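Undergrad: sequence first, predicted model second:
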2 protein chains.
Amino acid sequence: MVNQEWRDCPVLVTGGMGFIGSNLVRRLVSLRAKVTVIDLNLTEYGAHSHNLADIAPSVEIVAADIGDDTATAAAIGKAAVVFNLAGQTSHADSMTRPAADLALNQAANLRFLEQIRTLNPALRIVYTSTRQLYGRPRYLPVDEAHPIVPPDINGIHKFAAESYHLLYARVYGLRATALRLTNVYGPRMRIRDAKQTFLGIWVRHVVEDGCFELWGGDQLRDFTYVDDLVDALLATAASPATVGQVFNVGGCPPITLLALAEQLVAIAGSGRFERRAFPEERKKIDIGDFYSADGPFRAATGWQPNTSLSSGLAETLAFYRSNLAHYLSES
Amino acid sequence: MVNQEWRDCPVLVTGGMGFIGSNLVRRLVSLRAKVTVIDLNLTEYGAHSHNLADIAPSVEIVAADIGDDTATAAAIGKAAVVFNLAGQTSHADSMTRPAADLALNQAANLRFLEQIRTLNPALRIVYTSTRQLYGRPRYLPVDEAHPIVPPDINGIHKFAAESYHLLYARVYGLRATALRLTNVYGPRMRIRDAKQTFLGIWVRHVVEDGCFELWGGDQLRDFTYVDDLVDALLATAASPATVGQVFNVGGCPPITLLALAEQLVAIAGSGRFERRAFPEERKKIDIGDFYSADGPFRAATGWQPNTSLSSGLAETLAFYRSNLAHYLSES
């Protein structure tokens, strides 16, 4: 599926008002796809009206939970491809409100897949899972064969939802692929707090010329710039051979959080940070070093990231310097 | 915890009216434990009034879902040990009614653990998981490091519930151990149909001197006699070193289903069977050969099975020859 083949393609994006979803929607609109978004508009997990405000006339938005059969029927029925990105993103919130995480991240996906099976079983499905479900790595880099030891409620529910997708592919022939994402960053990520990514709150403080806290600093992580991730999502939909499979999607070479913090401040020319010990209450769900091996995904799709970390951080900072006020408000 | 230490011990058994649960309850009563049962009395998944009828005065029974906070509070509050066995057992039903399986096998366990965390965090917890979550084995025997590829909805939800137990042990210090059971058989298993175990319907037809169907026949399986499994459950509760861990529990050496069918008919001196091809619609969730490696469990607890397959089958047949009428009725 080359770029021009998205023209007039009916595409459904769940969670399309959120960080990754809105970047994907914007790309699809630029490719002239017919985009429908289903989004519950949960602002605390990243949905933000500004993410799609300037392209709103080009997108149909259904304000609903993906588990709401009545609300989703028409959108599912007419789509050729669905990018299923909707979810609750906060690991900490999943521990304090586990039942809500179960509803949003798992149960809703079961109903969504049952709807697809009933209404549109030929639909191409790309589901975004997470590296979180591996837990604390037993070896590095982490490949898809790594044991599944979810370190928090969010990881348990994301693995179950991923398993639903793969099971429905195997048993019912649904055309689903699951991608396990690592740290994704870029324009339109949530920066008010760390409910979506710690890098959001760092960027905010740097743009405000303030101070952010670095917890620990020695942890290795890999980062995917959101435009590269959008490439990966489109490449997946365009690769029928990936149906029924799950892949890691990585990004730039791993870097310590200390080096990342230093690089961010250097590129911004503003802000500073203070290192502090990793908080005791977070240690229990922290995963230490992590970076992915994503060779199978690159081989299957031809994808590779095109944005260096320094370029991605510069783009991100430029975006928030121009749009800061919007993203300091909740919606 | 040697046998006499169960005397006067307040023990909670969820699913205690079912097959494994009732055998455990009977043993605990014989050891003079103070037993409370929480059971939703779902007869289609194995709860049966006859299982505990003769010892009913010695057991307190709470008719409730384990996710019902109000109903479970008193039982959780006063227990020293809980054997958490409640669940929906049918793999086929999990595919036709996935939302019900989610509620019974997973969501209820989340609420149950939240209750324990709040009301009685020192409670010793033994959760019965299943070998089903491994899916079709990639190697044999299957050890705990085998990839988790649930072949059906039931396997997805059992893994999530198991993960809750291990997570709550790690994060909140709950004293939980999870056991992945293989095929358990013996007195009080459901024999009306195959919703709990295929061996149940076989035994029924043999005792009735009828004919049962053998699907395939070359599949290898391992079987645990229920008295041996009760030994394993008690040994787990008595082994503090097992807290926070998950173990396979196996049984007798693996045997093909054809050899099992022949042995059953020979021991019974009645009944017969017909081989037929494995049904197409079941192939998609069938797992092929399976048998477990359970060395870590044996090393940690000193447990070993004491009942040969032939003895176990003979005991089982004797039980149903004496109690057949009860188990042909639904409750």
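TA: That came through, no problem.
Undergrad: next secondary structure element downstream of the worst-scoring helix or strand of chain A on mean pLDDT?
TA: Least confident element among the helices and strands of chain A, by mean pLDDT, DSSP states H and E: helix A:280-283 (a mean of 76). Under the assignment DSSP states H and E, the closest C-terminal helix or strand after helix A:280-283 is helix A:295-301.
Undergrad: against which helices or strands is that next one packed?
TA: helix A:226-237, strand A:246-249 (3 or more CB pairs under 8 Å, 6 or more residues apart in numbering or on different chains; DSSP states H and E). To be clear about C-beta, it is placed using only N, CA and C from the backbone, and glycine gets the same treatment.
Undergrad: for the stretch 51-200 of chain A, which segments count as strands?
TA: Assigned by DSSP state E, counting those that start in this stretch, the stretch 51-200 of chain A shows strands spanning A:59-62, A:81-84, A:124-130, A:175-181, A:183-185.
Undergrad: could you redo those as a markdown table and give each row mean neighbour count, distance to A:Asn51 and mean pLDDT?
TA: Converted to a markdown table, the strands of the stretch 51-200 of chain A look like this (neighbours: other CB atoms under 10 Å in any protein chain shown; distance: least, CB to CB, whole Å; pLDDT from 0 to 100):
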| stretch | mean neighbour count | distance to A:Asn51 | mean pLDDT |
| --- | --- | --- | --- |
| strand A:59-62 | 18 | 11 | 97 |
| strand A:81-84 | 26 | 15 | 98 |
| strand A:124-130 | 25 | 16 | 98 |
| strand A:175-181 | 24 | 18 | 98 |
| strand A:183-185 | 23 | 14 | 97 |
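Undergrad: before we move on, the earlier item: export the helices and strands packed on helix A:295-301 to a markdown table and tack on mean neighbour count?
TA: Formatted as a markdown table, the helices and strands packed on helix A:295-301 follow (neighbours: other CB atoms under 10 Å in any protein chain shown):
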| stretch | mean neighbour count |
| --- | --- |
| helix A:226-237 | 23 |
| strand A:246-249 | 24 |
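Undergrad: chain B: which of these is closest?
TA: Closest to chain B of these is strand A:246-249 (CB to the nearest CB; 9.9 Å).
Undergrad: adjacent strands (with direction) for that closest one?
TA: strand A:175-181 (parallel) (DSSP bridges).
Undergrad: circling back: wait, which of the helices and strands packed on helix A:295-301 is closest to A:Leu179?
TA: Comparison of these against A:Leu179 by CB to CB identifies strand A:246-249 as nearest, at 5.0 Å.
Undergrad: which outside residues touch the closest one?
TA: Contact with strand A:246-249 is made by A:129, A:131, A:142-144, A:162, A:166, A:177-182, A:224, A:229, A:232, A:236, A:292-294, A:296-297, A:300, A:303, as judged by CB atoms under 8 Å, 6 or more residues apart in numbering or on different chains.
Undergrad: do that again at 7 Å, thanks
TA: A:129, A:131, A:143-144, A:162, A:166, A:178-181, A:224, A:229, A:232, A:292-294, A:296-297, A:300 (CB atoms under 7 Å, 6 or more residues apart in numbering or on different chains).
Undergrad: who's in contact with A:Ile255?
TA: Going by CB under 7 Å, 6+ apart, A:Ile255 touches A:220-221, A:309.
Undergrad: picking up where we left off before, okay if I get the helices and strands packed on helix A:295-301 as TSV plus mean pLDDT?
TA: Shown next, in TSV, are the helices and strands packed on helix A:295-301 (pLDDT from 0 to 100):
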stretch	mean pLDDT
helix A:226-237	98
strand A:246-249	98
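Undergrad: extract the CA atoms of the least confident helix or strand of chain A and return them as CSV.
TA: Presented in CSV, the C-alpha positions along helix A:280-283 are these (Å, rounded to 0.1, in the frame of the first residue of the first chain):
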residue,chain,number,x,y,z
GLU,A,280,10.3,4.1,46.7
GLU,A,281,6.6,3.7,45.8
ARG,A,282,7.4,3.6,42.1
LYS,A,283,10.3,1.2,42.3
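Undergrad: now check it, is it near chain B?
TA: No - Helix A:280-283 does not reach chain B (CB under 7 Å from any CB of the partner chain); its nearest approach is 9.6 Å.
Undergrad: centre of the chain versus that helix, how much separation?
TA: How far helix A:280-283 lies from its chain's middle: 24 Å, per CA atoms, centre = their mean, to the nearest Å.
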